[in-house]
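Visitor: Need coordinates for the below:
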Amino acid sequence: MVSKPSPSADVVRLAKPPVGEEELAEIREVLESGQLTMGPKVAEFESLLAALAGTSDAIAVSSGTAALHVAVLALGIGPGDEVLVPAYTFPATANVVALVGATPVLVDVDPLTMNMDAEDAARRVTPRTKAVLAVHLFGRPARLEELPEGLPVVEDAAGALGARRGDRPCGSLGSIACFSFHPRKIVTTGEGGAVTTSDAGLAEASRSLRHHGWSPSDGYVDMPAPAFNYRLSDVLCALGIPQLRRFDELYAAYDRIAAGYTERLAGIVTTPTTDPGDRHGWQAYVVQVDERDRVMEGLRAQGIQCQIGTYALHRLGAYRGQGSFPGADLAFERALALPLHTGLTELELDRVAEALDKLVSHH
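Guide: Alright, predicted model coming up:
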């Protein structure tokens, strides 16, 4: 059934989760079972995710931020410790470090890849540095092997499900990794997240931290230390399960749309890339353009939803005063996220590209 959109509906949406009948059927099954949380759907979701991430364990939690919080705590990080964090990222990356009483030490980013600058990271290591929290920003795999040696790496893979560094999935590259299933991600549970790891000790700690501090290894009989309720309910896992099952198909659709943009926007704006042999996760299609705010307003005026890339942390009240971060400033001022979802049509891609071309070249 093809109908012409009314003018008011003629908006190119930034995101539109690919959910429908399969998800409704899974959720109905949960509702009819009467077990809405701590049931079998959580385990099913986790095993599908672990297979995708290439790890022995996946631990579902209530958000990507909860995943980061659990990961930092599972590594035993706390007051007096320092953790290296990119200066250009969603604030949750640094917030979780601050919230466990440790110090987030900002590290500049490479303005082109927008991922952590390994040389700057090496300069900021002190005897108190306990870990590196590296982000695969917008789904572009970070060069983790270049980061300072001897420090555990927490992968913030919030937008990197399906991304690969060489032939290895993001989520399996560091000591422990964190995913988000917010609606702007390829797989969504509404709100939700997960920790992935192949380290049995970190998996045990993560399961305990999400469930009040109960100890999984003794069947949750003892509670060695107090912790949180960061569980993800069966209802929400049921929403994510069909998307994990058809992940290859979903990913291929995102990849095709990204390729369509890249082809159309060549020579107009700086388009996202990966290192040779890597696979992008396409959590967002983020271009870089001069006078980003003017271009963003121009697109929005034409009914094209778009958004800044993410935040330069040193410009926010919570993280001011750590010095200058020229790479993060450049990324922050130039990054623009374009509409990206499986429902985008060729005509909509044309419309976005033509609007960008006019806004960029006629100025």
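Visitor: Strands along the protein, start to end?
Guide: When assigned using DSSP state E, the strands of the chain occupy the ranges 57-61, 82-86, 103-107, 129-135, 153-156, 164-165, 168-169, 176-180, 193-197, 285-288, 307-308, 335-338.
Visitor: Name every strand pairing with the longest one and say which way it goes.
Guide: Sheet pairing for strand 129-135, assigned by DSSP bridges, gives strand 82-86 (parallel), strand 153-156 (parallel).
Visitor: Alpha carbons only: can I get the last one in CSV?
Guide: Once non-C-alpha atoms are left out, strand 153-156 reads as follows in CSV (Å, rounded to 0.1, in the frame of the first residue of the first chain):
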residue,chain,number,x,y,z
VAL,A,153,40.2,-1.3,28.5
VAL,A,154,36.5,-0.8,29.0
GLU,A,155,34.9,-0.6,25.6
ASP,A,156,32.0,1.9,25.4
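Visitor: That strand - what's its average pLDDT?
Guide: With pLDDT averaged residue by residue, strand 153-156 scores 98.
Visitor: Please apply the same query to stretch 66-73.
Guide: Model confidence over stretch 66-73, given as mean pLDDT, is 98.
Visitor: CA atoms only: put that stretch into CSV for me.
Guide: Output in CSV follows, covering the C-alpha atoms of stretch 66-73 (Å, rounded to 0.1, in the frame of the first residue of the first chain):
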residue,chain,number,x,y,z
ALA,A,66,24.1,1.1,33.9
ALA,A,67,26.4,-1.1,31.8
LEU,A,68,29.2,1.4,32.1
HIS,A,69,28.6,1.9,35.8
VAL,A,70,28.7,-1.9,36.4
ALA,A,71,31.8,-2.3,34.2
VAL,A,72,33.8,0.3,36.1
LEU,A,73,32.7,-1.2,39.5
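Visitor: got a list of contacts for that stretch?
Guide: Judged by Cβ atoms under 8 Å, 6 or more residues apart in numbering, the contacts made with stretch 66-73 from elsewhere in the structure are 59, 61, 83, 92-93, 96-97, 99-100, 102, 131, 133, 154, 156, 176-180, 193-195, 202, 205-206, 209-210, 227-228, 230. The C-beta positions use only the backbone N, C-alpha and C, and glycine is treated the same way.
Visitor: Quick check: PyMOL command selecting the buried ones in those.
Guide: In PyMOL syntax, the buried subset of the contacts of stretch 66-73 is picked out as below (16 or more other Cβ atoms under 10 Å):
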select buried, resi 59+61+83+92+93+96+97+100+102+131+133+154+156+176+177+178+179+180+193+194+195+202+205+206+209+210+227+228+230
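Visitor: As JSON lines, the strands of the chain with distance to F325 would be great.
Guide: Conversion of these to JSON lines gives the following (distance: least, Cβ to Cβ, whole Å):
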{"stretch": "strand 57-61", "distance to F325": "30"}
{"stretch": "strand 82-86", "distance to F325": "9"}
{"stretch": "strand 103-107", "distance to F325": "6"}
{"stretch": "strand 129-135", "distance to F325": "14"}
{"stretch": "strand 153-156", "distance to F325": "17"}
{"stretch": "strand 164-165", "distance to F325": "24"}
{"stretch": "strand 168-169", "distance to F325": "29"}
{"stretch": "strand 176-180", "distance to F325": "23"}
{"stretch": "strand 193-197", "distance to F325": "27"}
{"stretch": "strand 285-288", "distance to F325": "16"}
{"stretch": "strand 307-308", "distance to F325": "16"}
{"stretch": "strand 335-338", "distance to F325": "14"}
